[in-house]
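Novice: compute the structure for the input listed below.
(2 chains, ligands or ions: 2)
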Amino acid sequence: MELVQNKKVILSVRNLNQYYNEGKKNEVRAINNISFDIYKGETLGLVGESGSGKSTTGRAILKLSDITSGSIIFDGHDITKIDGRKDTLKFRKSMQMIFQDPYASLNPKISVMDIIGGALDVHKMTNSRKERTERVYELLEVVGLSRDYASRYPKEFSGGQCQRVGIARALAVKPDFIIADEAISALDVSIQAQVVNLLKSLKKSRDLTYLFIAHDLSMVKYISDRIAVMNAGRILELASSDELYRTPLHPYTESLLSAMPTPYPDDERSRQRIYYDKKYHTYNDETKVKLNQIAPGHYVYCHEDEISHYVKKYKQLNK
Amino acid sequence: MEISSKLKFANPANNHGYEVVESINANKEGSYFKTIARRFAKNKVAMISLVLFIFLILAAVLAPVISPYPPNKTVGNFEAAPDSEFHLGTDEIGRDVLSRLIYGARVSLIVSMGSVAIYVIIGTTLGLISGYFGGITDATIMRITEVFMSYPYFMVILVLVSLIGPSIWTVTFVLGFLGWPPLCRLIRGQVLYIKTIDFISAAKATGYSTSSILFKQILPNVLSIILVNATFGIANAILTEASLSFLGMGVRPPAASWGNMLSNAQSLTVLSMQPWRWVPAGIIILVAVLVVNFIGDGLRDAVEGETK
Ligand SMILES: Nc1ncnc2c1ncn2[C@@H]1O[C@H](COP(=O)(O)OP(=O)(O)OP(=O)(O)O)[C@@H](O)[C@H]1O
Ligand SMILES: [Mg+2]
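Specialist: Ligands and ions are numbered 1, 2, ... in the order given. Modelled structure (predicted):
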């Protein structure tokens, strides 16, 4: 991908497939042959409606599920081949996830001190009880929680507070790469901006790479360098954040953008929702359909014959 | 819970750009088991039962100190009715019934607690493994539990005990090794559900080993179920031991057990003419089993209250 040529690829996903109940009547193709790269230090936004396969993608990358086929290369290693306690721990230490459901992702029977401290223990990151406690307090402070919370249990917290504990746990092991699965959807609008800011500042201070998953485009634009738009297990469009907003090419992207509220009442009134028809990405013969490059770094899922149409559209929008 | 939040906005010196510090001035809720204990304490019947059960344990532990006579020695007349010297009378060879009753508590408690401890360890471990790993491991363990559960329980115990030779230890181990399947299935069912919750994915993502996930992440979530099940298990084991000893397949004379004391009632003269030789044993078995069952009920309510 020429746009960011000089950057190092940290994660490379190729032809990834994840089917559930394969071969049975109720087969679900949660991920359908997707490929993308994530560069070191960037934030890739992954956007799509509910059920489009975003979480499944995140879990596959994190090696939480056995993928159906394809390859996932993280930091030069094929993650499906990671085996043995030592290599697994090394991988786990470098990649972490903030889970979509803040309540469900915290063990109700374990105190916040031990949820966060447990991560430190697994990777033997502290040498004494005292150091462990201090580290947990530090991490709580980083996510804006009082240290008084350490002795408490998840059920005593609000959703937003749980989400912060989840973030602190992910940060505890000092990862290089974080998958944030709708890390802000469960939060109040007023808190969303705070958490996004927190993630942004952490990225800067710790040189992190993010895969930032969300179901609408409003916050993603603010945090992402590039954005991948996903629907029904496929990536339909991939471009830099600015370009995706300025020149959305795929009808599904247009539809997502049209659903975004604007801060200006006049625009808001004249705003028209564009409805998306799934037939746009349903092809009878899929052999000549793939993610094609329309402009440098701007990809659209389409048939070979449609490329010229999108190139024309791109030029028109840029006029 | 009262939460006061102070927001400090856009401070360029601070590298987050903003900061939220939330402080809490709430009553400390304490740990999960404290909550259960508090709920349990509100249940009067359960609390009285707990006190009685503790007395029973104390009686068993302090038997040598509190029994008026040695349990296996002839200390008075044969078959004497209760009087000021022998409060519960004497048996057919002049041993003190009260002393034998107190020593009998030791047998009941050793057998019941020992066998429950054995079956809880087996049942919990196999239940966790079965539910977590699924597939062929699960299928195998489940078939084994079915085999165990499809035989008449008491018959198997009788056969095994008579094969090995009746003694307090035989009874304990046989009850322990036969008792695990119901608990195993109960735990497996819970684990099937718990393992789908995200905190298990999160534990994997953190890097916990499989055994840590089983015993540090999942086990705390089934502890209350184990506790309730074990309590009822103790009541059952007291009863089973008494039945076995009654039939002469448990604790052998001269050692005293409530069950073998009760077996005196097999003789018609004793049954009708010498009630002191079997009524106290019958009552103490009844009380012990009831008390433990009340504790179990109280625990179950306290645990289930959590979900309400
Ligand atoms: N364990 C599973 N078994 C069967 N189907 C599954 C399983 N997990 C996910 N799916 C299906 O895979 C598809 C993608 O699910 P996924 O959770 O990745 O969606 P998502 O994009 O994260 O949606 P949301 O925005 O609601 O979180 C859905 O149709 C879902 O029903
Ligand atoms: Mg999701």
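
Novice: let me know the helix or strand that whichever residue of the stretch 201-319 of chain A sits closest to chain B is in.
Specialist: As assessed by Cβ to the nearest Cβ, chain B sits closest to A:Ser201 within the stretch 201-319 of chain A, at 4.6 Å. (Glycine included, C-beta is placed from N, CA and C.) Per DSSP states H and E, A:Ser201 falls inside helix A:189-206.

Novice: report all helices and strands that the helix or strand immediately after that helix in the chain contacts.
Specialist: Counting by DSSP H and E, the element after helix A:189-206 in chain order, helix or strand, is strand A:209-214. Contact partners of strand A:209-214 among helices and strands, from 3 or more Cβ pairs under 8 Å, 6 or more residues apart in numbering or on different chains; DSSP states H and E: strand A:9-20, strand A:28-39, strand A:43-47, helix A:54-61, strand A:177-181, helix A:189-206, helix A:217-223.

Novice: ok, and what's touching the fourth one?
Specialist: Counting by Cβ atoms under 8 Å, 6 or more residues apart in numbering or on different chains, helix A:54-61 makes contact with A:11, A:13, A:16, A:18, A:30-31, A:34, A:46-48, A:65, A:67, A:72, A:74, A:79, A:95, A:97, A:100, A:179, A:181-182, A:211, A:213, A:215, A:230, A:233, B:201, all of which sit outside it.

Novice: got the CA coordinates for stretch B:250-257 in PDB?
Specialist: Presented in PDB, the C-alpha positions along stretch B:250-257 are these (Å, rounded to 0.1, in the frame of the first residue of the first chain):
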ATOM      1  CA  GLY B 250     -20.200 -49.600  58.800                       C
ATOM      2  CA  VAL B 251     -18.400 -49.000  62.000                       C
ATOM      3  CA  ARG B 252     -17.900 -52.300  63.800                       C
ATOM      4  CA  PRO B 253     -18.500 -52.800  67.500                       C
ATOM      5  CA  PRO B 254     -17.100 -52.200  70.000                       C
ATOM      6  CA  ALA B 255     -16.500 -48.800  68.500                       C
ATOM      7  CA  ALA B 256     -19.600 -46.600  68.900                       C
ATOM      8  CA  SER B 257     -21.600 -45.100  66.100                       C
END
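
Novice: turn the helices and strands packed on strand A:209-214 into a markdown table, columns for mean pLDDT.
Specialist: Below are these laid out as a markdown table (pLDDT from 0 to 100):
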| stretch | mean pLDDT |
| --- | --- |
| strand A:9-20 | 94 |
| strand A:28-39 | 93 |
| strand A:43-47 | 95 |
| helix A:54-61 | 95 |
| strand A:177-181 | 95 |
| helix A:189-206 | 83 |
| helix A:217-223 | 84 |
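
Novice: and stretch B:114-122, average pLDDT?
Specialist: Across stretch B:114-122, pLDDT averages out at 96.

Novice: could you list which of the contacts of helix A:54-61 also contact ligand 1?
Specialist: Among those, the residues lying close to ligand 1 (Cβ under 6 Å from any ligand atom) are A:Ala30, A:Gly48, A:Gln100, A:His215.

Novice: which residues in the stretch 101-250 of chain A form strands?
Specialist: Secondary structure of the stretch 101-250 of chain A (DSSP state E, counting those that start in this stretch): strands at A:177-181, A:209-214, A:226-231, A:234-240.
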